[in-house]
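# Need coordinates for the below:
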Amino acid sequence: MSCRILIDCGLFETRIAAIQDDKLTDLIIEHDDAKSVIENIYLGRVTGFSDTMDGAFIDLGGNVSGLLLGRDIPSPDQSNPPVRQKLHEGEKCVVQVIKDAKDGKAAQLSAFPELGKPDLIYKPVSKGAIFSRKFKDKEVRQEIRDALGSFSGGVTLRSRAMGKTPIFLSETLASLLLDWTDIQAQVKKNQAPRLLRAGRPAELTLAAEHISDNPTLAVNDPARYKGLTTVIKREGLMQISCSLWTKSELLFDAHDIEGQIDDATAKRLPLPSGGNITIEETEALVVIDVNSGANDKTSGLKSVAFSTNEEAASLAAEQIRLRNLSGIIIIDFIHMPQKDDHRKIETILRHLTANDPSAVRVIGMTELGLMQLTRQRKRPPLSRLNASTLNCATGTVPRAIASKLSTDLQRFANSHKTRVISLAVSPDLAPLLKQSCANFENTLSVTLIWKIDLALRDFAFSLSRPSK
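Predicted structure coming up:
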């Protein structure tokens with residue numbers, strides 16, 4: 001299975017898309033003012049405590065702070081004393097970000113740092129070797145232990161390490177040990193608080209999740225391309241190739257995925273048989289409702305309900321991953337009288353979510369016939385990112401609208417072979433043009449002749465050639 005990862009660096013956001021056999025499987029949206037710092041390792045300083053949460057507040061530098069819970073701090077023995085007995089105010093400590101800041105809450109930290117590669121994870125504060133459940137052969141596990149030899153800390157062998165030679169895995173661990181030695185040397189410089197090591201760019205983390213498919217990266221920004229090739233070379237990620245996109249056609253247009261991105265924001269999606277699913281996100285949970293619609297035909301020996309539910313399970317699994325939905329998820333499948341059909345749909349859903357990079361637990365049907373599952377949260381949901389706004393001098397504008405305007409301007413200029421564009425915008429969108437018109441023109445190499453059109457509502461706009 002082929003895998004391509006596209007990095008579209010735009011004026012207001014960067015979109016990172018993973019495509020497997022022409023199907024969009026993952027989408028990450030980055031905002032310059034709210035980039036993820038997950039996996040970043042800092043030398044922080046304790047500034048205070050929260051007794052109710054049994055945690056310590058850590059200054060990470062640059063007006064950034066995080067919360068370190070007592071359970072995420074090593075203890076010298078099996079006991080787990082309160083955090084005030086483990087740390088004192090003003091103390092320096094090495095921490096790693098495990099969750100980004102969200103809704104006014106500080107980033108969550110851990111004093112159990114990890115350095116990872118696609119095949120294994122090095123854990124300086126842990127002990128021993130832990131193997132993925134796929135390593136069933138005891139002799140193979142022992143051979144790998146012997147090759148790794150004696151080292152300080154612990155290591156976790158991922159399922160992707162299956163089939164790799166013990167020597168290769170030993171060399172991989174050796175490179176991570178050198179990285180940790182370098183971090184320790186920086187700690188000794190005693191300059192706190194500060195960043196010790198930045199996590200991988202999001203696209204390389206995504207590529208690592210698809211490493212068995214030898215992913216290829218394409219990026220439309222020269223500076224980002226240079227940074228990516230440097231990291232790939234430094235970390236020895238030879239399975240990953242990277243190229244700079246220099247064609248006039250927009251990167252995402254060339255790979256025909258804008259429509260799939262639009263689907264990931266739609267409330268209702270059609271099923272091949274004529275049915276549909278609706279996806280509702282609430283504060284407490286996500287609800288997916290399955291409707292048979294116009295489907296009234298059986299498929300072989302399968303009932304209408306089962307065949308529709310089978311299609312819905314596949315589409316739901318794709319959208320849960322693509323939209324990065326997490327927490328409690330309830331799927332209201334069409335009623336099936338046979339309990340055996342319930343078990344089949346449950347098995348299908350487990351199979352479909354097995355390769356999701358975020359841990360998914362399919363719990364099963366409730367007494368009311370609702371399928372329950374949970375999904376680990378790693379990144380904000382796509383809906384939250386699309387709801388982000390830009391603060392302009394006289395109002396706010398959805399960032400997604402600003403990004404679409406930038407993309408449509410570039411697409412219009414290319415398709416009409418013109419560098420001068422007439423732009424009509426709604427009153428709500430006018431603040432963006434008042435503030436960013438020069439930025440649009442300089443970045444896109446166009447000249448904009450824009451005006452407010454009172455007939456346009458919300459954040460609508462229209463493009464045309466200038467009248468002669």
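
# What does the pLDDT read for the closest residue to His210 other than its chain neighbours?
Sequence neighbours aside, Cys3 is the residue nearest to His210 in space, at 4.4 Å (criterion: C-beta to C-beta, 6 or more residues apart in numbering). Yep, even glycine has a C-beta here, placed from its N, CA and C like the rest. Reading off the confidence values, Cys3 has pLDDT 91.

# doesn't Pro215 make contact with Cys3?
Yes - using C-beta atoms under 8 Å, Cys3 is in contact with Pro215, at 4.3 Å.

# Name the residue in the two with the higher neighbour count.
A side-by-side neighbour count of Cys3 and Pro215, using other C-beta atoms under 10 Å, places Pro215 first with 25 against 22.

# From Gly44, how far out is the more buried one?
Look at Pro215 and Gly44: by C-beta to C-beta, to the nearest Å, they are 33 Å apart.

# Ok, Ala359 next?
From Ala359 to Gly44 the distance is 27 Å (C-beta to C-beta).

# neighbour-wise, which of those two wins?
Gly44 (28 against 12).

# Check which residues of the strand or helix carrying that one are buried.
Secondary structure from DSSP states H and E places Gly44 in strand 41-50. For strand 41-50, a neighbour-count test (16 or more other C-beta atoms under 10 Å) marks 41-46, 49 as buried.

# How about stretch 55-64?
Of all the residues in stretch 55-64, those buried under the rule 16+ other C-beta under 10 Å are 55-60, 64.

# wait, which of these is closest to Pro398?
Nearest to Pro398 out of the buried residues of stretch 55-64 is Val64 (C-beta to C-beta; 25.9 Å).

# what sits opposite that closest one in the beta ladder?
As for beta bridges, Val64 partners with Gly61 under DSSP bridges.

# Any figure for the gap between it and Asp54?
Distance, Val64 to Asp54, by C-beta to C-beta: 22 Å.

# need the strands for the stretch 301-450 of the chain, in chain order.
Assigned by DSSP state E, counting those that start in this stretch, the strands in the stretch 301-450 of the chain fall at 327-332, 360-365, 371-375, 389-392, 395-398, 420-425, 447-452.

# Which strands or helices does the third one pack on?
To tie it back to what came earlier, the one meant is strand 371-375. For strand 371-375, the elements it packs on are strand 327-332, helix 339-353, strand 360-365, judged by 3 or more C-beta pairs under 8 Å, 6 or more residues apart in numbering; DSSP states H and E.

# Tabulate the ones you listed (TSV), appending distance to Ile320 and mean neighbour count.
Formatted as TSV, the helices and strands packed on strand 371-375 follow (distance: least, C-beta to C-beta, whole Å; neighbours: other C-beta atoms under 10 Å):
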stretch	distance to Ile320	mean neighbour count
strand 327-332	6	18
helix 339-353	7	16
strand 360-365	8	16
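
# can you map out the helices along the stretch 101-250 of the chain?
Under the criterion DSSP state H, counting those that start in this stretch, the stretch 101-250 of the chain contains helices at 138-148, 166-187, 202-209, 222-234.

# any chance of these in a markdown table, plus mean pLDDT, distance to Thr278 and mean neighbour count?
Listed next are the helices of the stretch 101-250 of the chain as a markdown table, based on pLDDT from 0 to 100; distance: least, C-beta to C-beta, whole Å; neighbours: other C-beta atoms under 10 Å:
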| stretch | mean pLDDT | distance to Thr278 | mean neighbour count |
| --- | --- | --- | --- |
| helix 138-148 | 92 | 47 | 14 |
| helix 166-187 | 93 | 45 | 15 |
| helix 202-209 | 88 | 28 | 22 |
| helix 222-234 | 92 | 37 | 15 |
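
# In the stretch 151-300 of the chain, where is pLDDT below threshold?
Low-confidence segments of the stretch 151-300 of the chain (pLDDT under 70): 294-300.

# How is this structure divided into domains?
Domain assignment for the chain by automatic domain parsing gives 1-37+200-257, 41-76+88-113, 264-375, 388-464.

# Let me have the ones you listed in a markdown table, extended by distance to Gly128.
Shown next, in a markdown table, are the domains of the chain (distance: least, C-beta to C-beta, whole Å):
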| stretch | distance to Gly128 |
| --- | --- |
| domain 1-37+200-257 | 23 |
| domain 41-76+88-113 | 14 |
| domain 264-375 | 22 |
| domain 388-464 | 43 |
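
# which stretch among those comes nearest Gly149?
Among those, domain 1-37+200-257 comes nearest to Gly149, with 19.7 Å by C-beta to C-beta.

# and for stretch 137-153, what are the contacting residues?
Here stretch 137-153 makes contact (C-beta atoms under 8 Å, 6 or more residues apart in numbering) with 122-127, 129, 131, 135, 155, 157, 166-167, 169-170, 173, 177, 180.
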